[in-house]
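Peer 1: Below are the sequence and a predicted model; questions follow.
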Amino acid sequence: MAQKQGRLVREPETSERRQEWGTIAENALRVDRADVEVIVDALSIDHAGSFNLFYLLRKHYWTAAGAEHKEVAAFLEDAYKRVREVTDDLAIRIVELGGGIPPNTPPTLQERAEVHLEAEDLYDLRPSLDGDLEGYATLIVSMREHIALAEKRGNPGTAELLRDHLEDLEADAHVIEQLLEDETLVRAAVLRER
Amino acid sequence: MTSTPHLRQPDPSHVRQEWGTVADNALRLERDVAEQLVTALNSEISGLYILFNQVRKHYWLVEGAELGPIGDFLEAAADRLTEMTDDIAIRITALGGVPACGPMGIRQHAPMFIEEAHHYDIRSSLERDLDGYATLAVQWREHIALADQFGDVATSELLCRHLKTLEADAHVLDRYLADETPVLRNATG
């Protein structure tokens, strides 16, 4: 196809739409519709954010270089798989709650994501990991707010789901923070100026 | 992939390698050979990106009586696509290239379209997934021949291995879609 111009997103030719993007259907969980709309909006932000974090971590897993690359890459590989689970679970919760549709195309994802992807160039390891940590922090703060929101709206199931994942995300964020600490066995004299 | 409004851009002094460039590799493959292979493999991971997201979307949205087995299959198939993408992306870095890892890169190399964000019927959704698998399979066969022609045996082997998985998953979809059932017509009310 070598498609370089125009829209990459297309309406399939021979398909029946079961549900329009952006609409909420009835749910079988007897959650009030107004609450569903608010919660689906909130979950979509976290879903799209985790989606971008997944790609961010993966890019750095693919491209990590230097003496510490093995350890960093192994951690990022495990971490992106944990984030992938977050994305899946939030997507499925969005469907459960409102027969909503999770953001699933580049425009619908990027409109909502508060965690941002990185430009296409390859960057040094430290600023790359800084960016990952920032991504985690953005997602974590947003999920905390949404736990409070779900509780306020009488939806403990959603709050519990977010809480479960929040614990893992905070643990992984902490590992990156530890990796970035100013601490090493290597003596200063051994390090040459870069 | 319309615009890319919010890309995080670390300070330019931290750029290790620019997108679209191919540096020397440690594998003693000629630079111009590596360049062509990197372009081919970036098309692989762009296609995998699109197919992965589509398969995963269908996993999230699957409903109806066949929900269980189809959902399980799509979830596992999506994970397999992730693994292939990882392996190929890492091969790109070994060849001295930069793997496509964002909207711009995907757009430059994409071998297929992305379906709109609506929820579509399961049959046509799976047909589109199958079409995506087939598109990638054809492209990979060509790129295996390309790698062989350049004497890059390892890239060829990597693609061959994953092509087997790709074809196996395509065949499962094909079987799901076959017009065959033990259900009697008068049982469908």
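Peer 2: Everything's here; your move.

Peer 1: low-confidence ranges in chain A?
Peer 2: Scanning chain A for pLDDT under 70 picks out A:1-6, A:193-194.

Peer 1: helices or strands next to the helix or strand of chain B with the lowest mean pLDDT in the packing?
Peer 2: Least confident element among the helices and strands of chain B, by mean pLDDT, DSSP states H and E: helix B:103-109 (a mean of 89). Applying 3 or more Cβ pairs under 8 Å, 6 or more residues apart in numbering or on different chains; DSSP states H and E, one finds that helix B:103-109 contacts helix A:106-112, helix B:31-61. The way it works is simple: take the backbone N, C-alpha and C, and place the C-beta from them, glycine included.

Peer 1: what's the closest of these to B:Gly96?
Peer 2: helix B:31-61 (5.4 Å; Cβ to Cβ).

Peer 1: in chain B, which spans are helices?
Peer 2: B:31-61, B:67-94, B:103-109, B:122-149, B:153-177 (DSSP state H).

Peer 1: so the first one versus helix B:153-177, what angle?
Peer 2: Going back to what we said before, that points to helix B:31-61. Interaxial angle, helix B:31-61 versus helix B:153-177 (axes from the mean of the first three to the mean of the last three Cα atoms, to 10 degrees): 20 degrees.

Peer 1: from the helices of chain B, which stretch is densest packed?
Peer 2: helix B:31-61 (a mean of 22; mean count of other Cβ atoms under 10 Å in any protein chain shown).

Peer 1: chain center to it: distance?
Peer 2: When distances are taken as Cα atoms, centre = their mean, to the nearest Å, helix B:31-61 is centred 4 Å away from the chain's centroid.

Peer 1: tell me which strands and helices that helix is in contact with?
Peer 2: Where contact means 3+ Cβ pairs under 8 Å, 6+ apart, helix B:31-61 is packed against helix A:69-98, helix B:67-94, helix B:103-109, strand B:114-115, helix B:122-149, helix B:153-177.

Peer 1: re the thing from before, the helices of chain B: lowest mean pLDDT?
Peer 2: Among the helices of chain B, helix B:103-109 carries the lowest mean pLDDT, at a mean of 89.

Peer 1: Export only the CA atoms of that helix, formatted as PDB.
Peer 2: Extracted C-alpha coordinates of helix B:103-109, given in PDB (Å, rounded to 0.1, in the frame of the first residue of the first chain):
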ATOM      1  CA  PRO B 103       2.300   7.800  14.700                       C
ATOM      2  CA  MET B 104       4.700   9.300  12.100                       C
ATOM      3  CA  GLY B 105       6.700   6.100  11.600                       C
ATOM      4  CA  ILE B 106       3.600   3.900  11.400                       C
ATOM      5  CA  ARG B 107       2.100   6.300   8.900                       C
ATOM      6  CA  GLN B 108       5.200   6.200   6.700                       C
ATOM      7  CA  HIS B 109       5.300   2.500   6.500                       C
END
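
Peer 1: what comes into contact with it?
Peer 2: Outside helix B:103-109, the residues within contact range by Cβ atoms under 8 Å, 6 or more residues apart in numbering or on different chains are A:3-4, A:8, A:106, A:110, A:117, A:120, B:1, B:4, B:19, B:39, B:42-43, B:45-47, B:49-50, B:98-100.

Peer 1: Generate TSV for the helices of chain B, with distance to B:Asn186 as supplementary columns.
Peer 2: Below are the helices of chain B laid out as TSV (distance: least, Cβ to Cβ, whole Å):
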stretch	distance to B:Asn186
helix B:31-61	31
helix B:67-94	24
helix B:103-109	49
helix B:122-149	22
helix B:153-177	24
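
Peer 1: for the ones you listed, which one sits closest to A:Pro102?
Peer 2: A:Pro102 lies closest to helix B:31-61 among those, at 5.8 Å (Cβ to Cβ).

Peer 1: what angle separates the closest one from helix B:67-94?
Peer 2: On the basis of the same axes, to 10 degrees, helix B:31-61 is oriented at 160 degrees to helix B:67-94.

Peer 1: Just to check, A:Val31 is in contact with A:Asn155?
Peer 2: Yes - assessed by Cβ atoms under 8 Å, A:Val31 is found in contact with A:Asn155 at 6.3 Å.

Peer 1: list the residues that contact both of the two?
Peer 2: Counting by Cβ under 8 Å, 6+ apart, the shared contacts of A:Val31 and A:Asn155 are A:39, A:97.

Peer 1: For the residue positioned nearest the centre of chain B, which non-adjacent residue is closest in space?
Peer 2: In chain B, the centroid-proximal residue (Cα atoms, centre = their mean) is B:Leu48; its distance is 1.2 Å. Nearest residue to B:Leu48 in three dimensions, chain neighbours excluded: B:Thr85, at 4.5 Å (Cβ to Cβ, 6 or more residues apart in numbering or on different chains).

Peer 1: contacting residues around the one you found?
Peer 2: Taking Cβ under 8 Å, 6+ apart, we find B:Thr85 in contact with A:58, B:45, B:48-49, B:52.

Peer 1: Who are the contact partners of B:Ile45?
Peer 2: B:85, B:88-89, B:92, B:99-100, B:109.

Peer 1: Go through the residues you listed and name the one nearest chain A.
Peer 2: B:Ala89 (4.2 Å; Cβ to the nearest Cβ).
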